[in-house]
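A.B. asks: Prediction below, plus the sequence it came from.
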Amino acid sequence: MGLLGLWFLGQLLIIRTLPAAEVGIYALCVAFIRVLSGFLGDTLDLAVLRKAPTYLVDDRPRGLDVIRAAFWIRVGAGTALGVLGALAAPVLARTYAGGAENAGLVVLAATGVLGDLLVRSALGYFQAAGVFSRYLAVEAVMQVGRFVAVATLAALGLLSVGATLVILVAAQFVAFAVGLALLPRDVVRISFPAAADLIDVLHYGKWMIVALGAGVLYDNLDVLLLGSFRPQSEVGILAAALALARVPDFIEGCLVTVLHPRVVDWYRRGEFMAVFRRYLAYSVPLTLLGLTAALALGGPLIRLLGADKVAALPAFRILVVGSFAWLALGPLPTALVALERPRWNLLLCTGALVGKLTAGALVIPAYGFMGAAVVSLAMRLVLTVLVIGFARRVVAPGAHAVAAFEPSAGDEAERIEAIT
């Protein structure tokens, strides 16, 4: 959380230094990276965490095969997505980045897609193996490096959208190189995974890549829709509101990093609901305190970002309610549904995306960034209720019998392995 907090300060410095229109272009390029890498990266992260933590203890070569399968899929697909993004750069620049002359910014963002997937591959091993000291070392290289570079250029008066994107992308590749140096030798040995493990990852991924891709697109849809209908200056105002309102999401990311590898074990031992109730006993009062503090401090913080960002305050107050509600209730049920019921997760994510897209297309053209904030809050509250309901169905008596009619990725891989 400290490292993410440091980069949060870096984001605030970027927003304070750049004019609102340039902040809007920067936010759209970052959304481009998040959407394209998220379609694949989140899926492969979960595919590794479903199997690798157990295998690394009981059958290390098999666990490494799962990790290698995910790595080679990342490399191939990440390269292809980066190339396609670069080829489409002139069109994307005209639509979102202020003109075709900014196509280089889109190319940088496309390169950032591959960089994000590569650094995730190193972090994925450390997370699955529970080696969080090295996980944090890689994160520190990336987050501290980005912050120092941004702060230095801002102090020298040299910070621009292009320079900021160069810093983001370069930090990813440097962090990946550090991760490679920290990995055990048997992990970095060049070899291809067993066919059964590659099929296992792909079988699980065929549901999750759509579901998690829809989830990532959902998270960035307000920025993309606003950029399609309104000027970049409004996108910059929304980006300022989101930068502050999504602080609880950083905390959620830290929780998920630690808890994801254990969710399946809790579920299979029948302990998930007991753990969830203990989580709520802490999360609800703490998030209420956090929301109170955020509403009190939001005004002074936004005024520090500059006079052209003050209009973001009402949007921030709306968005931060949804962020804290999700932090209090959503992380554990979301992880359970994603890991144990990929088809249900697909239904949940695509439904949320369609709902937000429909509401946003109706509201944002008329009401701009305030309309985007209201739609985001409404959809987040609805999604929180739905994901808890889905999780209760997963753990309900008889759910295992129902799940027998929905073969898991592991079952499919075992049948293929037996045949071969």
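C.D. replies: That came in fine, so what should we check first?
A.B. asks: pretty sure residue 233 is in contact with residue 20, am I right?
C.D. replies: Yes: contact criterion CB atoms under 8 Å: residue 233 and residue 20 qualify, at 4.4 Å. Just so you know, the C-beta spots here come from the backbone N, C-alpha and C atoms, and that holds for glycine as well.
A.B. asks: hey, what's in contact with both of those two?
C.D. replies: Common contact partners of residue 233 and residue 20 (CB atoms under 8 Å, 6 or more residues apart in numbering): residue 308.
A.B. asks: Which one of the two is surrounded by more residues?
C.D. replies: Neighbour count, other CB atoms under 10 Å: between residue 233 and residue 20, residue 20 has more, with 24 against 16.
A.B. asks: Who are the contact partners of the residue nearest to that one when sequence neighbours are not counted?
C.D. replies: Excluding the flanking residues, the one nearest residue 20 by CB to CB, 6 or more residues apart in numbering is residue 236, at 3.4 Å. Each residue near residue 236 by CB under 8 Å, 6+ apart is listed here: 15, 18, 19, 20, 21, 22, 23, 24, 27, 308, 309.
A.B. asks: Return the set of buried residues in stretch 159-178.
C.D. replies: 159, 161-162, 164-176, 178 (16 or more other CB atoms under 10 Å).
A.B. asks: let me fix that: stretch 130-145
C.D. replies: Going by neighbour count (16+ other CB under 10 Å), the buried part of stretch 130-145 is 134, 135, 136, 137, 138, 139, 141, 142, 143, 145.
A.B. asks: So which of the residues you listed is the closest to residue 343?
C.D. replies: Residue 343 lies nearest to residue 135 out of the buried residues of stretch 130-145, by CB to CB, at 30.5 Å.
A.B. asks: Secondary structure element holding the closest one?
C.D. replies: Assigned by DSSP states H and E, residue 135 belongs to helix 132-156.
A.B. asks: so where's this structure uncertain?
C.D. replies: Applying pLDDT under 70 to the chain flags residues 50, 96-98, 190-209, 211-212, 257, 260-261, 397-420.
A.B. asks: can you pull the contacts of the nearest residue to residue 62 once chain neighbours are set aside?
C.D. replies: Nearest non-adjacent residue to residue 62, counting by CB to CB, 6+ apart: residue 55, 4.6 Å away. When contacts are counted by CB under 8 Å, 6+ apart, residue 55 is found next to 62, 63, 66.
A.B. asks: Buried ones from these, can you make that a ChimeraX selection?
C.D. replies: Listed next is the ChimeraX selection for buried residues among the contacts of residue 55, using 16+ other CB under 10 Å:
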select :62,63,66
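A.B. asks: Can you tell me which of the contacts of residue 55 is closest to residue 315?
C.D. replies: Residue 315 lies nearest to residue 66 out of the contacts of residue 55, by CB to CB, at 42.1 Å.
A.B. asks: wouldn't that closest one be in contact with residue 52 here?
C.D. replies: Yes: using CB under 8 Å, residue 66 is in contact with residue 52, at 4.9 Å.
A.B. asks: can you tell me which of the contacts of residue 236 are in helices?
C.D. replies: Among the contacts of residue 236, the members found in helices (DSSP state H) are 15, 20, 21, 22, 23, 24, 27.
A.B. asks: Give me the buried entries from these.
C.D. replies: With burial judged by 16+ other CB under 10 Å, the buried subset of the ones in helices among the contacts of residue 236 is 15, 20, 21, 22, 23, 24, 27.
A.B. asks: Around residue 354, how many other residues sit close by?
C.D. replies: Neighbours around residue 354, by other CB under 10 Å: 12.
A.B. asks: And it, how far from residue 110?
C.D. replies: Distance, residue 354 to residue 110, by CB to CB, to the nearest Å: 27 Å.
A.B. asks: repeat for residue 51
C.D. replies: Residue 51 sits 31 Å away from residue 110, going by CB to CB.
A.B. asks: for residue 379, same thing?
C.D. replies: Separation of residue 379 from residue 110 (CB to CB) stands at 28 Å.
A.B. asks: more crowded one of the two?
C.D. replies: Using other CB under 10 Å as the criterion, residue 379 and residue 110 rank with residue 110 on top: 24 against 21.
A.B. asks: Run the chain-centre distance for the helix holding residue 135.
C.D. replies: 19 Å (CA atoms, centre = their mean, to the nearest Å).
A.B. asks: now do stretch 166-174
C.D. replies: Put simply, stretch 166-174 sits 17 Å off its chain's centre (CA atoms, centre = their mean).
A.B. asks: Can you name the residues in contact with it?
C.D. replies: Contacts with stretch 166-174, where a contact means CB under 8 Å, 6+ apart, come from 30, 33, 108, 111-112, 115-116, 118-119, 141-142, 145-146, 149-150, 153.
A.B. asks: of these, buried ones?
C.D. replies: Neighbour-count burial within those applies to 30, 33, 108, 111-112, 115-116, 118-119, 141-142, 145-146, 149-150, 153; the criterion is 16+ other CB under 10 Å.
A.B. asks: Just give me the closest of those residues to residue 72.
C.D. replies: residue 118 (11.8 Å).
A.B. asks: for the closest one, what are its contacts?
C.D. replies: By CB under 8 Å, 6+ apart, residue 118 lies in contact with 74, 75, 78, 172, 173, 176.
A.B. asks: Between those, which sits nearest residue 274?
C.D. replies: Using CB to CB, residue 74 is the member of the contacts of residue 118 that sits closest to residue 274, with 35.5 Å.
A.B. asks: Tell me the spacing between that closest one and residue 232.
C.D. replies: From residue 74 to residue 232 the distance is 32 Å (CB to CB).
A.B. asks: ditto for residue 389
C.D. replies: 39 Å.
A.B. asks: who has more neighbours, these two?
C.D. replies: residue 232 (22 against 12).
A.B. asks: Quick check, the more buried one in contact with residue 19.
C.D. replies: No: counting by CB under 8 Å, residue 232 sits too far from residue 19 to count as a contact (9.4 Å).
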